[in-house]
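# sequence-free structure coming up:
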């Protein structure tokens, strides 16, 4: 009986956690499908209402949310790719080359420490820098900033994954005539592919949801990202709840699809190196 009660309590807590996590998502989806009359109905119409796609048409046909979506996807994908490329090479160097006085380990900690600064501290300097190089209101400015912002995280994550790969595998490849870069590409990277997938997911989510730098560095529709575009629908006269909810639902889909596509690699990457034999 004690085991049965414990299992029931566990299932109840799991169900409660799922409800708490999914309730806001359900409410967001239903608001995007409700008319304005149903949105403000008292008591709230949780399940019974007449669905409509008018808010989706208003957001992506009458307004510029389609352009915001393309900009967010472009910036997030390119910045994630650049951060993975540069960060993977830096992490491999820190994991494989030994510097005097344990400088390699200290460098890894120093690189990670840059993420400890509040982002607002660098907002004004980055704005002045991008203004001087004439990159304000461009996608390139966001790609550069997001790459720099994600780079310490990539270096820290990938260094841990590289340390779990035995050096003997690379040495065997080099004995067979392969170069160090070739051993990295043909031997090491396939082994840490789950770690790459996990790191890519986190970087993509951070770039996709970033708001502060996109707000500071962009003011035009051509360079504005989806989070800033959604927030722009809150004005002093009205709040377009239906349009904002429709844009929010569409904004969730790319990250959700990508996470599901790399799910098996993501789980392996998060647990890679957790147990040592």
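Arrived safely, thanks for sending. Keep in mind the model is a prediction, meaning the values are calculated, not measured.

# Residue 77 and residue 13, how far apart?
37 Å (C-beta to C-beta, to the nearest Å). C-beta coordinates here come from the backbone N, C-alpha and C atoms, glycine included.

# And the one helix or strand residue 146 maps to, how far out from the chain middle?
Using DSSP states H and E, residue 146 maps to helix 139-163. Remark: helix 139-163 is offset 11 Å from the chain centroid, using C-alpha atoms, centre = their mean, to the nearest Å.

# Kindly report the same for stretch 226-238.
Worked out by C-alpha atoms, centre = their mean, stretch 226-238 lies 22 Å from the chain centre.

# Any idea how far apart the tips of it sit?
Start to finish, the residues bounding stretch 226-238 are 19 Å apart (C-alpha to C-alpha, to the nearest Å).

# Identify the residues contacting that stretch?
For stretch 226-238, the surrounding residues in contact (C-beta atoms under 8 Å, 6 or more residues apart in numbering) are 64-65, 68-69, 71-72, 208-211, 214-215, 218, 221, 224, 239-240, 243-244, 247-248, 251.

# next one: stretch 69-82
Applying C-beta under 8 Å, 6+ apart, the contact partners of stretch 69-82 are 60, 139, 142-143, 146-147, 150, 200, 203-204, 207-208, 222-227, 250-251, 254.

# Buried ones among the residues you listed?
With neighbours counted by 16 or more other C-beta atoms under 10 Å, the contacts of stretch 69-82 contain buried members at 60, 139, 142-143, 146-147, 150, 200, 203-204, 207-208, 223-227, 250-251, 254.

# Any stretches of the protein with poor pLDDT?
Along the chain, the parts satisfying pLDDT under 70 run over 104, 265-277.

# rerun at 50
Counting by pLDDT under 50, the chain shows low-confidence ranges at 274-277.

# Tell me which residue is most central in it.
The centroid of the chain falls nearest to residue 205 when counting by C-alpha atoms, centre = their mean (1.2 Å).

# Helices of the stretch 51-200 of the chain, residue ranges please.
Per DSSP state H, counting those that start in this stretch, the stretch 51-200 of the chain carries helices over the ranges 54-57, 65-96, 103-113, 119-132, 139-163, 167-175, 180-183, 189-191, 193-209.

# Run through the neighbouring helices and strands of the first one.
Using 3 or more C-beta pairs under 8 Å, 6 or more residues apart in numbering; DSSP states H and E, the elements in contact with helix 54-57 are helix 2-33, helix 241-261.
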